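S.K.: Give the three-dimensional model of this entry:
(chains A and B)
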Amino acid sequence: MTTLPAAAPARKATSGAQQKLLAFASLIVLLIFFSVASPNFLQTSNILAILQATSVNGVLAIAATLVIITGGIDLSVGTLMTFCAVMAGVILTNAGMPLPLGVIGAIAIGVICGTISGVLIAKMKIPPFIATLGMMLILKGLSLVISGTKPIYFNDTPGFSEISTGSLIGQVFPSVPVPNGVLILFVLALVIGYVLNRTVLGRYCFALGSNEEAVRLSGVNTDAWKIAIYALAGGICGIAGLIIASRLNSAQPALGLGYELDAIAAVVIGGTSLAGGRGSILGTMIGALIMAVLLNGLRIMSVAQEWQTVVTGGIIIAAVYADMLRRRRAAS
Amino acid sequence: MFTRRSLLAAASATALLLSASLASAQDKIYIPLVSKGFQHQFWQAVKAGADQAAAEFGVEVTFEGPDTEAQVDKQMDMLAAALAKKPAALGFAALDSQAATPLLRQAQEAGIPVIAFDSGVDSDIPATTVTTNNIAAAGMAADKMAELIGGAGKVALVVHDQTSRTGIDRRDGFVNRVKEAYPNIEIVDIQYGAGDQLQSTEITKAILTAHPDIKGIFGANEGSALGVINAIRETNTQGVTVIGYDSGAAQKQAIRDGLMAGAITQSPVGMGYETVKAAIAATKGEALPKTIDSGFAWYDASNMDAPEIAAVLYD
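M.R.: Got it, this is the predicted structure:
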């Protein structure tokens, strides 16, 4: 009785580390492979391009990770990102308000939309898949309605493009001008990683995914915590909206559909279980990087586009299968 | 044990891919084309033209584009990867000119000539723009419509959108030509269906209901034109002259079946070909005109099998 429960967490911890190690090793193998395959791959400018390509998907994947750990799913992350970008455009360009208001506004709108999803799921008991599918469509439609189906440009807010494309790191180390969008991704990953592992919110996030009923029976207000997690994920989508709008210097209202699947793919490659209760931000970051490195590397190698898609699909399946094998081994 | 097996698999995959890449790595002039799309038959035809020029002039060409025309950021990633390969020249069809400007400036600084194709780029960076004169092409559609309905009656337009350059140019090209040359033709409706077949079908049904005496409908791109044909077929409407745009297997069949009078074809194959040709000229420092017309033509059941037309149509 005393040995079993004690052994289980220890084994769980090592297997989690193993999965991250496996994902990380795959990333390194890919990097080495592409570096050997093409001399143009391992160049500072190309590595920066890969990181920049990761920034939006990485941030969305962090949002998706939180929700997936609770055993839920959020299909609205992509179009919520777009909606927040469009609202930033409305605040900054159409209403001519100062930059900080646009930033706060975009994130606040993300939090509000996330809260709505959370209420739909926790209070109205609509399954997460359906609730967020509905939100995905509502937000896509609203983005088009509010923007009049046209992109909103940020030409009147000169500082806006700096959010993503400027480089604070480049000011200190001119040889590695890491775009701010990438910096935001890494800082966010650290913050959310801390929240997940060191705070009450994080603890309930895992607990909800492992056994929601048990958590509820122990007197915890599970609905409130669930709503809080969806709200947090929504706010993170707001940040993604700012990064993408800043990068394109415009809010593109038709964009966003399909981005939720890229985000979920990154989460899954990183070893987070779709069944809930298990996952990590570090794994998700590695997953997002693997996807970006793979796509960039295949392009650098001039692999035909139709095959790029095939390879990406294969990698997702292989990653999840490897995780299954490892867990089965750890369980036996 | 699992690690050893996976390493082995990884190593063999590496070897396989590596040999494939080494086989293609030669010292050819390399020209990537970053397009607005990839899956649509139109873009595949542009790709075919580019491949044709690549074979003819002995250069290496790659062709990429995002899944939908909304994915501006994905196109930026493709552009960044293309530039990382240090190409001799670059072909580019911008989804959003402004978003692409920083990367295009990077190309300019690296001395890589940029050839814009399909729609132009609002900047002076591209050496030239290879494009269809959509205004003139839609004007030709108006002329054909007038000829087929006897110069008088009600017509309507089903257009893909009111924001893109091609949407605006085709609509205005048609409408303005009717206004200046055919006073007895009345344009009763212009509707937008996002180039989506189903949406355009519903729109057309509404038009047919609202105007039972309508004489002709112009569908301004492939999806719009197919939507118009669908609606005509579903409602079993007789006596409406339909003019389409672009080709594709379904539209070609509609013309053979007599459901559609004919269509304007751009030359996507010519567009791909001319883009690569212009890119090669640019690498040699040759002067290029500001725009290169990739061509357009009217086709109907009588001439669609003629070799010069069949060559520019795609399935």
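S.K.: interface residues of the stretch 101-250 of chain B facing chain A?
M.R.: Selection of the stretch 101-250 of chain B residues close to chain A by CB under 8 Å from any CB of the partner chain yields B:102, B:161, B:163. Bear in mind the C-beta positions are built from the backbone N, C-alpha and C, glycine included.
S.K.: For chain A, state which of these is nearest.
M.R.: Proximity of these to chain A (CB to the nearest CB) peaks at residue B:163, which lies at 5.4 Å.
S.K.: Specify the local secondary structure of that closest one.
M.R.: Per DSSP: H, G, I helix; E, B strand; the rest coil, the secondary structure class of residue B:163 is coil.
S.K.: The closest residue to it other than its chain neighbours and residue A:139: what is the separation?
M.R.: Leaving out its chain neighbours, the residue that sits closest to residue B:163 by CB to CB, 6 or more residues apart in numbering or on different chains is residue A:150, at 5.4 Å. Using CB to CB, to the nearest Å, residue A:150 is found at 17 Å from residue A:139.
S.K.: So between those two, which is more surrounded?
M.R.: A count of neighbours by other CB atoms under 10 Å in any protein chain shown puts residue A:139 above the other of residue A:150 and residue A:139, at 27 against 15.
S.K.: Could I get the contacting residues of the more buried one?
M.R.: Applying CB atoms under 8 Å, 6 or more residues apart in numbering or on different chains, we find residue A:139 in contact with A:76, A:79-80, A:82-83, A:113, A:256.
S.K.: Swap in 7 Å and give it another go.
M.R.: A:76, A:79-80, A:83, A:113 (CB atoms under 7 Å, 6 or more residues apart in numbering or on different chains).
S.K.: now swap in residue A:102 and tell me
M.R.: Going by CB under 7 Å, 6+ apart, residue A:102 touches A:88, A:91-92.
S.K.: cutoff 10 Å now
M.R.: Counting by CB atoms under 10 Å, 6 or more residues apart in numbering or on different chains, residue A:102 touches A:87-93, A:95, A:154, A:157, A:159-160, A:163, A:242, A:245.
S.K.: who wins for neighbours among those?
M.R.: Neighbour counts for the contacts of residue A:102, by other CB under 10 Å, peak at residue A:245, which reaches 33 neighbours.
S.K.: Pull up the gap between the closest residue in space to it that isn't next to it in sequence and residue A:100, please.
M.R.: Closest residue in space to residue A:245, ignoring its immediate chain neighbours: residue A:85 at 3.8 Å, by CB to CB, 6+ apart. Separation of residue A:85 from residue A:100 (CB to CB) stands at 17 Å.
S.K.: These two: which has the busier surroundings?
M.R.: Counting neighbours by other CB under 10 Å for residue A:85 and for residue A:100 shows that residue A:85 has the greater number, 32 against 9.
S.K.: Could I get the contacting residues of the more buried one?
M.R.: Contact analysis of residue A:85 by CB under 10 Å, 6+ apart lists A:106, A:143, A:147, A:151-152, A:154, A:237-238, A:240-246, A:248, A:250-253, A:255-256.
S.K.: repeat for residue B:155
M.R.: Residues near residue B:155 by CB under 10 Å, 6+ apart: B:142, B:145-146, B:149, B:174-175, B:178, B:182, B:185-189, B:211, B:214-218, B:240-241, B:243.
S.K.: element containing residue B:190, please.
M.R.: Element membership of residue B:190, judged by DSSP states H and E, is strand B:185-192.
S.K.: how close does the residue nearest in space to the middle of chain B sit to residue A:76?
M.R.: In chain B, the C-alpha nearest the mean C-alpha coordinate belongs to residue B:42, at 5.0 Å (CA atoms, centre = their mean). Distance, residue B:42 to residue A:76, by CB to CB: 31 Å.
S.K.: got it, and residue B:229?
M.R.: 36 Å.
S.K.: For the two, indicate the residue with more neighbours.
M.R.: Counted by other CB under 10 Å, residue B:229 and residue A:76 do not tie: residue A:76 has more neighbours, with 31 against 26.
S.K.: Just want the phi and psi numbers for the more buried one.
M.R.: Phi and psi for residue A:76, reported as degrees, to the nearest 10, are phi -90, psi 0.
S.K.: confidence score at it?
M.R.: The model reports residue A:76 with a pLDDT of 97.
S.K.: you'd agree it is up against residue A:121?
M.R.: No: Residue A:76 lies out of contact with residue A:121 (CB atoms under 10 Å); the separation is 11.3 Å.
S.K.: which stretches of the stretch 151-300 of chain A have low pLDDT?
M.R.: Counting by pLDDT under 70, the stretch 151-300 of chain A contains no low-confidence segment.
S.K.: For it, which residues are neighbours of chain B?
M.R.: Within the stretch 151-300 of chain A, the positions near chain B by CB under 10 Å from any CB of the partner chain are A:151, A:153-155, A:161, A:165, A:243-245, A:247-250, A:252-259, A:262, A:292, A:295-300.
S.K.: Inside helices: which ones of the residues you listed?
M.R.: Members of those lying in helices (criterion: DSSP state H): A:165, A:243-245, A:247-248, A:259, A:262, A:292, A:295-300.
S.K.: Neighbour-wise, which one of these leads?
M.R.: Within these, residue A:245 tops the neighbour count with 33 neighbours, counted by other CB under 10 Å.
S.K.: Do I have it right that that residue meets residue A:83?
M.R.: No: assessed by CB under 10 Å, residue A:245 is found out of contact with residue A:83, at 11.0 Å.
S.K.: Between the two, which contacts overlap?
M.R.: In terms of CB under 10 Å, 6+ apart, residue A:245 and residue A:83 are both contacted by the residues A:106, A:251.
S.K.: so what does the helix or strand hosting residue B:104 touch, helix or strand wise?
M.R.: Element membership of residue B:104, judged by DSSP H and E, is helix B:97-109. Other helices and strands packing on helix B:97-109, by 3 or more CB pairs under 10 Å, 6 or more residues apart in numbering or on different chains; DSSP states H and E, are helix A:222-248, helix B:72-84, strand B:90-92, strand B:114-117.
S.K.: what's the closest of these to residue B:59?
M.R.: strand B:90-92 (11.4 Å; CB to CB).
S.K.: Please name the residues that touch the residue nearest the centre of chain A.
M.R.: In chain A, the C-alpha nearest the mean C-alpha coordinate belongs to residue A:61, at 1.6 Å (CA atoms, centre = their mean). Neighbouring residues of residue A:61 by CB under 10 Å, 6+ apart: A:54, A:68, A:77, A:185, A:189, A:236, A:240, A:259-260, A:262-270, A:272, A:281, A:283-285, A:287-288, A:291.
S.K.: Show me which positions of the helix or strand containing residue A:107 end up buried.
M.R.: If you go by DSSP H and E, residue A:107 is part of helix A:99-122. Neighbour counts over helix A:99-122 (16 or more other CB atoms under 10 Å in any protein chain shown) mark A:99, A:102-103, A:105-111, A:113-122 as buried.
S.K.: Show the low-confidence segments of chain B, by residue range.
M.R.: Residue ranges of chain B with pLDDT under 70: B:1-26.
S.K.: hang on, the earlier thing: give me the buried positions along the helix holding residue B:104.
M.R.: Of all the residues in helix B:97-109, those buried under the rule 16+ other CB under 10 Å are B:97-101, B:103-104, B:107.
S.K.: can you check stretch A:147-156 too?
M.R.: Within stretch A:147-156, the residues scored as buried using 16+ other CB under 10 Å are A:147, A:151-154.
S.K.: For those residues, give me CSV that also has distance to residue B:234.
M.R.: Output for these, formatted as CSV (distance: CB to CB, whole Å):
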residue, distance to residue B:234
A:147, 33
A:151, 35
A:152, 38
A:153, 41
A:154, 44
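S.K.: Nearest to residue B:154 among these?
M.R.: Checking the buried residues of stretch A:147-156 against residue B:154 by CB to CB gives residue A:147 as the nearest, at 33.2 Å.
S.K.: tally of neighbours for the closest residue to that closest one other than its chain neighbours?
M.R.: Nearest residue to residue A:147, sequence neighbours excluded (CB to CB, 6+ apart): residue A:253, at 4.0 Å. When neighbours are counted by other CB under 10 Å, residue A:253 registers 26.
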